[in-house]
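**Student:** show me how the following folds:
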Amino acid sequence: MLIPNLLKGDRVKLSPLKKEDVDKITMWYEDVDFLRNYDGKIAYPETKESIEKWYEETINSKENFCFSIITLEEKNMIGFLVLSSIMWNNGSSWISICIGDEENRKKGYGSEALKLLIDYSFRELNLHRLQLTVFSYNTSAIKTYEKLGFKKEGIYREAIYRDNNRYDMYLYGLLKKEWRMK
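**Tutor:** Numbers count the residues shown, from 1 in each chain. So this is what the prediction gives:
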């Protein structure tokens with residue numbers, strides 16, 4: 001059972017992703033701008049069936065934790081977070097965030113949700129390290145990650161191809177001891 005206050009902030013709370021959330025996620029996967037910032041694959045809408053398959057595989061794995069991001073005031077699901085490929089023996093995990101609709105982006109919801117998940121990862125799951133990748137053109141996400149204490153650890157040079165241009169993909173990491181110092 002998740003501790004409710006551990007996953008609740010001032011404006012958002014994290015809740016385990018539910019089967020009924022798949023419809024909303026499918027809708028977001030039809031938004032090209034969403035896809036271009038979240039995934040390096042070709043920006044092509046996913047089917048509901050493929051999102052359902054991802055959901056089932058993810059929630060049934062001991063190496064993944066998925067949370068919906070819900071606004072406290074409106075009680076709307078505005079995005080989701082995933083801890084994935086958790087290596088329990090090493091205490092490390094990949095972390096990713098998606099804010100679905102454009103009107104909910106750049107309002108601080110993502111920062112607050114990430115803080116909650118980072119805190120949960122280090123305090124409750126006792127992880128040692130979180131890592132993520134971000135495309136070089138996603139400057140608002142980069143600012144958020146750096147503000148939260150993530151350090152740039154590597155560059156996948158010209159790994160992303162968008163609109164006839166090549167972009168780098170950055171690897172960022174955050175250690176538990178760095179989070180405690182904040």
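**Student:** alpha carbons only for contacts and neighbour counts from here, please
**Tutor:** Will do.
**Student:** hey, which helix or strand in this protein has the poorest pLDDT?
**Tutor:** helix 32-38 (a mean of 79; mean pLDDT, DSSP states H and E).
**Student:** that one: what's the following helix or strand?
**Tutor:** Helices and strands here follow DSSP states H and E; after helix 32-38, the next one along the chain is helix 48-59.
**Student:** pull the CA atoms of that following helix into PDB?
**Tutor:** Extracted in PDB, the C-alpha atoms of helix 48-59 (Å, rounded to 0.1, in the frame of the first residue of the first chain):
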ATOM      1  CA  LYS A  48      -5.200   1.600 -27.900                       C
ATOM      2  CA  GLU A  49      -4.200  -2.000 -28.100                       C
ATOM      3  CA  SER A  50      -0.500  -1.200 -28.100                       C
ATOM      4  CA  ILE A  51      -0.900   1.200 -25.100                       C
ATOM      5  CA  GLU A  52      -2.900  -1.500 -23.300                       C
ATOM      6  CA  LYS A  53      -0.100  -4.000 -24.000                       C
ATOM      7  CA  TRP A  54       2.500  -1.600 -22.600                       C
ATOM      8  CA  TYR A  55       0.300  -1.000 -19.600                       C
ATOM      9  CA  GLU A  56      -0.100  -4.700 -18.800                       C
ATOM     10  CA  GLU A  57       3.600  -5.400 -19.300                       C
ATOM     11  CA  THR A  58       4.600  -2.500 -17.200                       C
ATOM     12  CA  ILE A  59       2.300  -3.000 -14.200                       C
END
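**Student:** mind giving me the packing neighbours of it?
**Tutor:** Helix 48-59 sits against helix 22-28, strand 65-71, with contacts defined as 3 or more C-alpha pairs under 8 Å, 6 or more residues apart in numbering; DSSP states H and E.
**Student:** what residues of the first one count as buried?
**Tutor:** Just to be clear, that refers to helix 22-28. 22, 25, 26, 28 (16 or more other C-alpha atoms under 10 Å).
**Student:** how distant is it from the center of its chain?
**Tutor:** Remark: helix 22-28 is offset 15 Å from the chain centroid, using C-alpha atoms, centre = their mean, to the nearest Å.
**Student:** what lies in contact with that helix?
**Tutor:** 34, 46, 47, 48, 51, 52, 55, 79, 100, 101 (C-alpha atoms under 8 Å, 6 or more residues apart in numbering).
**Student:** then the last one?
**Tutor:** Strand 65-71 is contacted by residues 11-17, 21, 58-59, 76-84, 113 when judged by C-alpha under 8 Å, 6+ apart.
**Student:** that one pairs with which strands?
**Tutor:** Using DSSP bridges, the strands paired with strand 65-71 are strand 12-16 (antiparallel), strand 77-87 (antiparallel).
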